[in-house]
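>>> Sharing a model prediction with you, sequence too.
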Number of protein chains: 2
Amino acid sequence: MPPRSPASDIHRLPRQRRTYAIGELARMFQITPRTIRFYEQEGLLAPERRGQTRIYQEKDRVRLKLTLRGKRLGFSLAEIREVVMMYDAMPDGNARQLKRLLEILADKRANLERQLEDIRLMHRELDDVESQARDVLASLETPPGEH
Amino acid sequence: MPPRSPASDIHRLPRQRRTYAIGELARMFQITPRTIRFYEQEGLLAPERRGQTRIYQEKDRVRLKLTLRGKRLGFSLAEIREVVMMYDAMPDGNARQLKRLLEILADKRANLERQLEDIRLMHRELDDVESQARDVLASLETPPGEH
DNA sequence: CAAGCACTTTACGTTAACGTAACCCTGGGC
DNA sequence: GCCCAGGGTTACGTTAACGTAAAGTGCTTG
């Protein structure tokens, strides 16, 4: 280890322009390259190219992460794209577009609220089912006739 | 049919074994009859019949409700069926089945946890995007050149 | 230089979850 | 008696989100 202050490492790291190959990203997120290419085809990603090969920057990785998160929450790729693209177009977005974006966001937000409620309810159901299952299981493991 | 007053119907309602036609359920849940029939075909519902006509009891309605909730949370019909059917088979379930059920439940639970985290994160993203959008919007509404 | 690996494109295949269309049956109201 | 709304079955169509296979490109390693 060079006798350099760790701090100097740190403050150089931020601009370390790290890039990723498609296979790397695929492994990171437990998906296939095909999926990543598909997302690009659907307008969710737009990586640079060196020749034919795709080169992903940090921002692409973040975008992919957000996309997958959206998917886990049940949003369609089209919905995700809608938000992501408007977000990108924000700087030069006109008022109408921005208001539309706010509408969409409010919509997603409402969706999340409903999901939270659903999760709470579902959680209770699972508790119920589980405790009942444990009861039956216990009764099976104690000889019948006891009480 | 005995000449009964409608009002007397009402105050007996609690144990009035209320039933539903397929169209009623469809309207209640904002889905189509086709969807309900499809769920039956997939083994998620098993309503009684009077002739050919399906008659849904309260338990069927609850089951449908749970199914739809599961769907909103991104579970597949197959996953939902897995839990629902095992739940029904619980009384005579053997230990192995019950343990399998507990596994599945733990799985779902983990899923819900991840979703909660996703929602929290997504919520922040939305906050970010929204506040930025509002900023841009505001800057558009004040004459440029001011500061 | 051959082999192998990771990347590429093109294109057809697949699955889940319904939609839609065509046709039939039945009970109630006019 | 006729009509029509609401129920039924059968069967083919559709959409999203990839999977999979074929065939080519490019580096690097023994």
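Cool, the structure landed.

>>> Show me what the top helix by length along chain A packs onto, helices and strands only.
With DSSP state H applied, the helix covering the greatest number of residues in chain A is identified as helix A:95-141. Judged by 3 or more CB pairs under 8 Å, 6 or more residues apart in numbering or on different chains; DSSP states H and E, helix A:95-141 is in contact with helix A:77-88, helix B:58-72, helix B:95-141. Where you see a C-beta, it was placed from the backbone N, CA and C, and this is true even at glycine.

>>> Which stretch among those approaches B:Arg49 most closely?
With respect to B:Arg49, and counting by CB to CB, the nearest of the helices and strands packed on helix A:95-141 is helix B:58-72 at 12.1 Å.

>>> one step back: taking their axis directions, the longest helix of chain A and helix A:77-88 sit at what angle?
Following axes from the mean of the first three to the mean of the last three CA atoms, to 10 degrees, one obtains 140 degrees for the angle between helix A:95-141 and helix A:77-88.

>>> as a whole number, average confidence for helix A:95-141?
Mean pLDDT, taken over the full extent of helix A:95-141, equals 86.

>>> Also stretch A:59-73?
This predicted structure assigns stretch A:59-73 an average pLDDT of 94.

>>> again, but for stretch A:77-88
88.

>>> near DNA strand C at all, it?
No - with CB under 7 Å from any atom of the strand as the criterion, DNA strand C is not reached by stretch A:77-88; the gap is at least 14.1 Å.

>>> hmm, who's touching that stretch?
A:39, A:42-44, A:63, A:66-67, A:70-71, A:93, A:97, A:100-101, A:104-105, A:108, B:129 (CB atoms under 8 Å, 6 or more residues apart in numbering or on different chains).

>>> for A:Asp118, what are its contacts?
Taking CB under 8 Å, 6+ apart as the contact definition, A:Asp118 lies against B:Arg69, B:Arg72, B:Leu73.
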